[in-house]
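Student: Structure of the sequence below:
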Amino acid sequence: MEFRGVYTALVTPFSRGEVDYAKLRELVERQVKAKVAGIVPVGTTGESPTLTYEEHLKVVEVVAEQANGRCQIIAGTGANSTREAVEMTMKAKKYGVDATLQVVPYYNKPTQEGMYRHFNIKTVIGPDDFASMEEVLTRRFKRWESAQEKQLVGSKPDPSFAVLPDLLMVDGGKGQLGRAVKVLESFGLSERVPLVGLAKQQEELFRPHIADSIILPRHSQGLYLIQRVRDEAHRFAITAHRKARGKVGIASRLDAIPGVGPKRRKALLEKFGDIESIRQAPLDELTKIPGITEDIALALQSGLD
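Tutor: Predicted structure coming up:
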């Protein structure tokens, strides 16, 4: 399909806080009579957040119905939720629109590190992937329960735990998936949180209580997306693990210096950042740190050399 000519982005009319559908039909009719090539409902910057999900769909439906094939319709179907954006795109197609236009916010993509959280395993002894997954998911959804309670009393919860995920994807096949199912059932969330397991060997997606897996086309964008999500989770976990190991190494070297306890160690690292910077720091800079006497500073220089 070719898109060429003048396209009008409609501003959705309101009357007393409600969408004025009669006026919307008038706007569509006016554009059709002006012989524009196409109309773009809910396509202007910032318009989508002013409409509810139901209003958004209704506006697209009314515009497509009123135009009735007399000009092209490019429906704006962007949303703050990736799932809603997909649903609206599919419904807009059923209404007969010619194309869709959407922008899904950056935080819906798997790269907003401010929303990342990692858990240190507390209850599992030794390497046990299944038990570790069950512990982490249990703690995550307990945080969600706690966030709901905080919202009820007016407190501000951690945003990364306050909302249920649109999709829970676990790294592994049927075994890991089974543990995730168990956790969701224990919180009564089986019907509220969609769940899949991604088995790496064949890149298969497994669903709860369904024997057959889903194998996405090898070069499909859907497969690339879930691979990016999985790989980013791996990257974050590995990075966190390396940082933890590095901190242990730094702590042990500083703790070996006479007179350097946890408070002084923390103050040194806050000021200088790493062992090498502490080692190279002049004596007068070291002694500016609260609690670091000249004797301790000399011990640091000789002990870290």
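
Student: Just the pLDDT for the nearest residue to Phe161 once chain neighbours are set aside.
Tutor: Distance criterion Cβ to Cβ, 6 or more residues apart in numbering; nearest residue to Phe161, sequence neighbours excluded, is Arg143 at 3.9 Å. Bear in mind the C-beta positions are built from the backbone N, C-alpha and C, glycine included. Arg143 is assigned a pLDDT of 91 by the prediction.

Student: same check, this time on Ile73
Tutor: Ile73 carries a pLDDT value of 96.

Student: List the contacts of the residue nearest to it when sequence neighbours are not counted.
Tutor: Spatially, and ignoring its direct neighbours in sequence, Ile73 is nearest to Val97 (4.3 Å; Cβ to Cβ, 6+ apart). Contact analysis of Val97 by Cβ atoms under 8 Å, 6 or more residues apart in numbering lists 60, 64, 73-75.

Student: Kindly indicate the member of the residues you listed with the most neighbours.
Tutor: The most neighbours of any of the contacts of Val97, using other Cβ atoms under 10 Å, belong to Ala75, which has 29 neighbours.

Student: show me the contacts for that one.
Tutor: Going by Cβ under 8 Å, 6+ apart, Ala75 touches 40-43, 60, 63-64, 92, 95, 97, 99-101.

Student: Surely Leu223 touches Glu203?
Tutor: Yes: taking contacts as Cβ atoms under 8 Å, Leu223 lies within contact range of Glu203: 6.4 Å.

Student: quick one: common contacting residues for the two?
Tutor: Common neighbours of Leu223 and Glu203, using Cβ under 8 Å, 6+ apart, are Leu216.

Student: Which parts of the protein are strands?
Tutor: Ranges of strands in the chain, per DSSP state E, are 7-9, 14-15, 18-19, 38-40, 72-76, 99-101, 168-171, 195-199, 204-206, 214-215.

Student: need those strands in JSON lines with distance to Ile275, can you?
Tutor: What follows is those, written out as JSON lines (distance: least, Cβ to Cβ, whole Å):
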{"stretch": "strand 7-9", "distance to Ile275": "58"}
{"stretch": "strand 14-15", "distance to Ile275": "62"}
{"stretch": "strand 18-19", "distance to Ile275": "63"}
{"stretch": "strand 38-40", "distance to Ile275": "59"}
{"stretch": "strand 72-76", "distance to Ile275": "54"}
{"stretch": "strand 99-101", "distance to Ile275": "53"}
{"stretch": "strand 168-171", "distance to Ile275": "34"}
{"stretch": "strand 195-199", "distance to Ile275": "39"}
{"stretch": "strand 204-206", "distance to Ile275": "45"}
{"stretch": "strand 214-215", "distance to Ile275": "49"}
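
Student: which of the ones you listed sits most buried?
Tutor: Most buried of the strands of the chain by mean neighbour count (mean count of other Cβ atoms under 10 Å) is strand 72-76; its value is a mean of 24.

Student: pLDDT score assigned to Arg230?
Tutor: 84.

Student: burial measure for it, as a count.
Tutor: By other Cβ under 10 Å, neighbour count at Arg230 equals 17.

Student: Contact partners for it?
Tutor: With contacts defined as Cβ under 8 Å, 6+ apart, Arg230 is in contact with 169, 171, 198, 200.

Student: The second one reaches Leu198, doesn't it?
Tutor: When you say that, I think you mean Asp171. Yes: with contacts counted by Cβ under 8 Å, Asp171 reaches Leu198, the gap being 6.1 Å.

Student: Name the nearest residue to Val136, ignoring sequence neighbours.
Tutor: Closest residue in space to Val136, ignoring its immediate chain neighbours: Phe119 at 4.7 Å, by Cβ to Cβ, 6+ apart.

Student: And the one you found, how far from Leu195?
Tutor: 18 Å (Cβ to Cβ, to the nearest Å).

Student: same deal with Thr100?
Tutor: To Leu195, Thr100 is 28 Å away according to Cβ to Cβ.

Student: Then Thr50?
Tutor: For Thr50 relative to Leu195 (Cβ to Cβ), the value is 33 Å.

Student: Also Thr123?
Tutor: Per Cβ to Cβ, Thr123 is found 22 Å from Leu195.

Student: To what extent is the nearest residue to Gly78 once chain neighbours are set aside buried, counted in neighbours?
Tutor: Nearest residue to Gly78, sequence neighbours excluded (Cβ to Cβ, 6+ apart): Gln102, at 3.8 Å. By other Cβ under 10 Å, the residues close to Gln102 number 18.
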